[in-house]
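J.: Have a look; sequence and predicted model below, questions after that.
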Amino acid sequence: MSRTRSEKELDQEYSELLSELRVILPGIQLLAGFLLIAPFSFDFRAAPASQRLVYFVAFVAAVAASALTIAPSSQHRIRWREGDKEALLQAANYLTIAGSVALAISMAASVFLVGQLVYGNFTAAVVMAVLSVVMAWWWFLQPLVRRRNDNRRRQ
């Protein structure tokens, strides 16, 4: 059942979203910055093709995460005072979730790359898998399970 939310409720939800973005964006940009300088800090062309591929996945995912989480602010500025806050909030929610997925991919690939360089493929794969499961559970699956349980209780 959907209800129309008041301007005050929409403003509060948008404020909460912006606070969340203030937490996530610096981390994304820091990761992207470190990944940006990596190829220039040593002879990256000498690295095996598999390491370059993992690096590129990590870098592109970090840039995508940054682009997706910055998008709500740009959209808000462009559509400012056009009375479309509900749609902007919906889009911002989806963009932030998509940015979080991209961030998880970047973090997992970064962990694999570092682990591969330090301990080899097997250890890197195990650590990446464990951290990926942790991120998937706490960032996405646990809130979805809670939402499903809450919806069942309401019925």
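T.: Cool, the structure landed.
J.: okay, and for the protein, where does confidence drop off?
T.: Applying pLDDT under 70 to the chain picks out residues 1-4.
J.: centroid residue for it?
T.: Ser100 (1.9 Å; C-alpha atoms, centre = their mean).
J.: can I assume it is in contact with Ala65?
T.: Yes. Counting by C-beta atoms under 8 Å, Ala65 is a contact partner of Ser100 at 7.4 Å. C-beta: built from backbone N, CA, C; applies to glycine.
J.: Tell me the secondary structure of the residue nearest to the centre of the chain, please.
T.: Classification of Ser100 using DSSP: H, G, I helix; E, B strand; the rest coil returns helix.
J.: Against Ile70, how distant is it?
T.: 13 Å (C-beta to C-beta, to the nearest Å).
J.: what does Met107 give?
T.: 18 Å.
J.: which of those two has more neighbours?
T.: Met107 (21 against 16; other C-beta atoms under 10 Å).
J.: quick one: secondary structure of that one?
T.: When the rule is three-state DSSP, Met107 gets the label helix.
J.: Next up, the contacts around it.
T.: By C-beta atoms under 8 Å, 6 or more residues apart in numbering, the contact set of Met107 is Leu31, Leu131, Met135.
J.: Roughly how far does it sit from Ser100?
T.: In terms of C-beta to C-beta, Met107 sits 10 Å off from Ser100.
J.: residue boundaries of the helices in this protein?
T.: 7-41, 49-78, 85-119, 121-135, 142-154 (DSSP state H).
J.: Now do the fourth one: everything it contacts.
T.: Residues outside helix 121-135 that contact it (C-beta under 8 Å, 6+ apart): Ala104, Met107, Ala108, Ala109, Val111, Phe112, Leu113, Val114, Gly115, Gln116, Val118.
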